[in-house]
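Undergrad: mind looking at a prediction? Sequence and model below.
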Amino acid sequence: MRRIMAAMVEENSTDVIVDDVFSSQSISPVADKVEEIDPFKLVRQGTLSKKMKSKAYRLRKKYESLDGEVASKYQDPNTIDGYGLFSVVEPPYNLEYLASLYNESAVHNAAINSRVVSTVGLGYHWDHTLKTKRKLERAAEKDPENEEALTRARKEIQKEEEMLEELFNSFNQEETFSEILMKVWQDVRTVGNGYIEIGRRRNGSIGYIGHIPATYIRVRRHRDGFVQIMPNSGDSIFFRNFQDKQTADPISNDPNPNEIMHLKSYSPTDTYYGIPESLSAISAIIGDKFAKEYNIDYFENKAVPRYAMILKNAKLSETAKRQIVQYFRREIKGSNHGTLFIPLPKSIGNEADLEFVKLEDGIQDASFDKYRKSNRDEILISHRVPPPKVGIYDNANLAVSRDADKTYKTQVVGPDQERLEKRINRVVEEFSELLKFKFNSIDIIDEDLRSRIYDRYLRGQVMSPGEIRAELGYPVGDGDEKRLPYPTVIKEREVWLKAGYGPDGEKLKEPETMGNDKPAGAEGAPPGNTNGEAGSPPKAQQDAVNKPSTSERNTGTQRERGQAQDMGDG
């Protein structure tokens, strides 16, 4: 990398020496650009299967004479390479270089990690399918008083959940299912494509689920599968589409090839491969890299700006020029607060004049600060990640952060989770019809607000105590599935019972009462507990017949209320 230019200009001479005063052996903390080596363009024919060798021979046979006696020894790189042999489509961008950018920019890296953790890194749970919900409703309606049917149904669902959890933990010996999904989604956010490998047992059931790096996979032109080529060995492997059990292996005749579930970031410019959203900010990512390297180079040179050394009235030999340049390379770098000593040859004479001219002015510390902030904002916009999610709190306040978190959850992470859940549930459906896969979402509600929401759901008979306990992860006990009656409903039932009517509207022979003069069968709080009254709305004035809405102590002026208290009224 070029860091500081040293120029020596001799009087009456047009020769200008421009060189790098830093040694080429210096170590840069930034990785060099990835070499554009595509394994599909460097196919070793010796590693091909017999089927692929025959195809390569047929392609070469096209370039021969009519009698077949003389043939061309030229190999067309567009037909003999892996893309022509395996009938795969070349990606629109260099996948290896896109993957390398993940480690080049801290903002790009943090934004990808934020999207990955927010989408698939918070864990998952098993939710009831529509069939399961209807089954529970039928069990509850079958015999409302007897909860045995409902209990049996819940135990069956619990066994199904335990079976799925154990099954998904056994698919991969080395990695958990969440780890696999995080790797796949990181590939999607980095290079636009992610691949889940699925292997089946002899009986056709799924026995393995794993991750394949996206840079090694290519899509077949006829969309009938995928091909992988190992960069070192050159071995080629064919994969079917997920749940395709008919397509034969066109490469090595594998009787049971594994399958791939392809996840991609759709772009209208390519229908075979996905393109990452961050590609729109590729200039900002690369510009931020170069600005960072510039600052590192500047401080490696002990904050010395670029200078041109001008030597007048002197003639220097090539050897003398080379010695001066080598001096700057060896002596200046690495010396803190050192004295500059330039060894000039005797041949320059006494009339020689040496002058240093600064090639750049201005503040050099933390150069491109505004430029890097602009790049940072552009990168975050392309990823649609709020700045606080990557540790940036410039001009952030609580209200803005809450709105940003809500937007991030509903418009960015939520749709991604829904799309992934649908693909994963295709795997779950092969084992269960009662449960479905569901990601845990970002929690933007504190515990106090959540408890008030649950309280409203209980009072409004939206949820039962058992449903809330299940959502919180607590075990559901007997009787928790019955929804609590709303306080106004309790009052209404009491009025109907006092009037001699049952819950279903039928006329009772004689209202039965309990010890506290409450009709038998009336529900509500025990004597002395006013929760039911507090939760009911106030009655209208016309409903209170021959009964004042308020007592005398609560009406009139303050003096009248005082006199009423003295007289013992109220």
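TA: That came through fine.
Undergrad: which ones are touching residue 259?
TA: By C-beta atoms under 8 Å, 6 or more residues apart in numbering, residue 259 lies in contact with 197, 198, 199, 200, 239, 240, 241, 242, 243, 244. Placement of C-beta: from N, CA and C, glycine included.
Undergrad: how about residue 374?
TA: Residue 374 neighbours (C-beta under 8 Å, 6+ apart): residue 284.
Undergrad: ok, it to residue 184 distance?
TA: Using C-beta to C-beta, to the nearest Å, one obtains 32 Å as the distance from residue 374 to residue 184.
Undergrad: same question, residue 90
TA: 22 Å.
Undergrad: in strands, which of the contacts of residue 259 fall?
TA: 197, 198, 199, 200, 239, 240, 241 (DSSP state E).
Undergrad: most neighbours among the residues you listed, please name it.
TA: residue 239 (26 neighbours; other C-beta atoms under 10 Å).
Undergrad: does it touch residue 260 like I think?
TA: Yes - contact status for residue 239 versus residue 260: in contact at 4.3 Å, counting by C-beta atoms under 8 Å.
Undergrad: joint contacts of these two?
TA: What both residue 239 and residue 260 touch, as defined by C-beta under 8 Å, 6+ apart, is the set 197, 217, 225, 226.
Undergrad: from residue 374, how far off is the last one?
TA: With distances taken as C-beta to C-beta, residue 226 is found 39 Å from residue 374.
Undergrad: can I get the CA coordinates of the helix or strand in which residue 308 is found in PDB?
TA: Take DSSP states H and E as the rule and residue 308 turns out to sit in strand 307-312. Provided in PDB are the C-alpha atoms of strand 307-312 (Å, rounded to 0.1, in the frame of the first residue of the first chain):
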ATOM      1  CA  TYR A 307       6.800  16.100   2.200                       C
ATOM      2  CA  ALA A 308       8.800  16.500  -1.100                       C
ATOM      3  CA  MET A 309      12.500  16.800  -0.700                       C
ATOM      4  CA  ILE A 310      13.900  19.200  -3.400                       C
ATOM      5  CA  LEU A 311      17.600  19.200  -4.100                       C
ATOM      6  CA  LYS A 312      18.800  22.200  -6.100                       C
END
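Undergrad: for the record, mean pLDDT for that strand?
TA: Average pLDDT, strand 307-312: 71.
Undergrad: now stretch 275-284
TA: Mean predicted confidence for stretch 275-284 is 93.
Undergrad: buried residues in it?
TA: Applying a neighbour-count criterion of 16 or more other C-beta atoms under 10 Å, one finds 275, 276, 277, 278, 279, 281, 282, 284 buried in stretch 275-284.
Undergrad: could you do stretch 432-446 as well?
TA: Buried residues in stretch 432-446 (16+ other C-beta under 10 Å): 432, 434, 435, 436, 437, 438, 439, 442.
Undergrad: just to revisit the earlier point, higher neighbour count, residue 90 and residue 184?
TA: Neighbour comparison, residue 90 and residue 184: the larger count goes to residue 184, with 24 against 15 (by other C-beta under 10 Å).
Undergrad: shouldn't the more buried one be in contact with residue 196?
TA: Yes - counting by C-beta under 8 Å, residue 184 touches residue 196, with 5.6 Å between them.
Undergrad: got any residues that touch both of these two?
TA: Residues touching both residue 184 and residue 196 by C-beta under 8 Å, 6+ apart: 211, 263.
Undergrad: what sits against residue 389?
TA: Counted by C-beta under 8 Å, 6+ apart, residue 389 has contacts 111, 114, 118, 408.
Undergrad: and the strands in the stretch 351-500 of the chain?
TA: 353-358, 435-439 (DSSP state E, counting those that start in this stretch).
Undergrad: CSV for those, including mean pLDDT and distance to residue 151?
TA: Listed next are the strands of the stretch 351-500 of the chain as CSV, based on pLDDT from 0 to 100; distance: least, C-beta to C-beta, whole Å:
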stretch, mean pLDDT, distance to residue 151
strand 353-358, 72, 86
strand 435-439, 95, 18
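Undergrad: what number of residues lie near residue 380?
TA: Residues near residue 380, counting by other C-beta under 10 Å, number 22.
Undergrad: swap in the one 4 residues further on?
TA: Burial measure for residue 384: 14 neighbouring residues, criterion other C-beta under 10 Å.
Undergrad: distance check, it against residue 289.
TA: The gap separating residue 384 from residue 289 is 22 Å, by C-beta to C-beta.
Undergrad: same question for residue 410.
TA: Counting by C-beta to C-beta, the gap from residue 410 to residue 289 is 33 Å.
Undergrad: between the two, which one's more packed in?
TA: residue 289 (18 against 13).
Undergrad: wait, the more buried one touches residue 104, no?
TA: Yes - here residue 289 reaches residue 104: they are 4.8 Å apart, a contact under C-beta under 8 Å.
Undergrad: show me the shaky parts of the stretch 51-200 of the chain.
TA: Flagging of the stretch 51-200 of the chain using pLDDT under 70 yields the residue ranges 51-80, 143-146.
Undergrad: 80 - rerun?
TA: Where the stretch 51-200 of the chain drops to pLDDT under 80, the residues are 51-82, 84, 139-151.
Undergrad: tell me where it has helices.
TA: 77-80, 82-85, 95-100, 106-120, 130-142, 148-170, 177-191 (DSSP state H, counting those that start in this stretch).
Undergrad: from residue 242, how far out is residue 196?
TA: Per C-beta to C-beta, residue 196 is found 8 Å from residue 242.
Undergrad: so between the two, which is more surrounded?
TA: residue 196 (21 against 17).
Undergrad: quick check: that one vs residue 228, distance?
TA: Separation of residue 196 from residue 228 (C-beta to C-beta) stands at 14 Å.
Undergrad: spit out the residues that contact these two alike.
TA: Both residue 196 and residue 228 are contacted by residue 212, under the criterion C-beta under 8 Å, 6+ apart.
Undergrad: residue contacts, residue 278?
TA: Contacts of residue 278 (C-beta under 8 Å, 6+ apart): 101, 108, 111, 112, 189, 190, 285, 379, 382, 383.
Undergrad: from what I see, the last one and residue 112 are in contact.
TA: Right, the one you point to is residue 383. Yes - the criterion here is C-beta under 8 Å, and residue 383 meets it with residue 112 at 7.0 Å.
Undergrad: overlap in contacts of the two?
TA: Common contact partners of residue 383 and residue 112 (C-beta under 8 Å, 6+ apart): 189, 278.
Undergrad: quick one: which two of the contacts of residue 389 are the most distant?
TA: Farthest pair in those (C-beta to C-beta) is 111 and 408. Separation: 11.6 Å.
Undergrad: and the two? Which one has more around it.
TA: Neighbour totals were compared for residue 111 and residue 408, and residue 111 leads with 26 against 21 (other C-beta under 10 Å).
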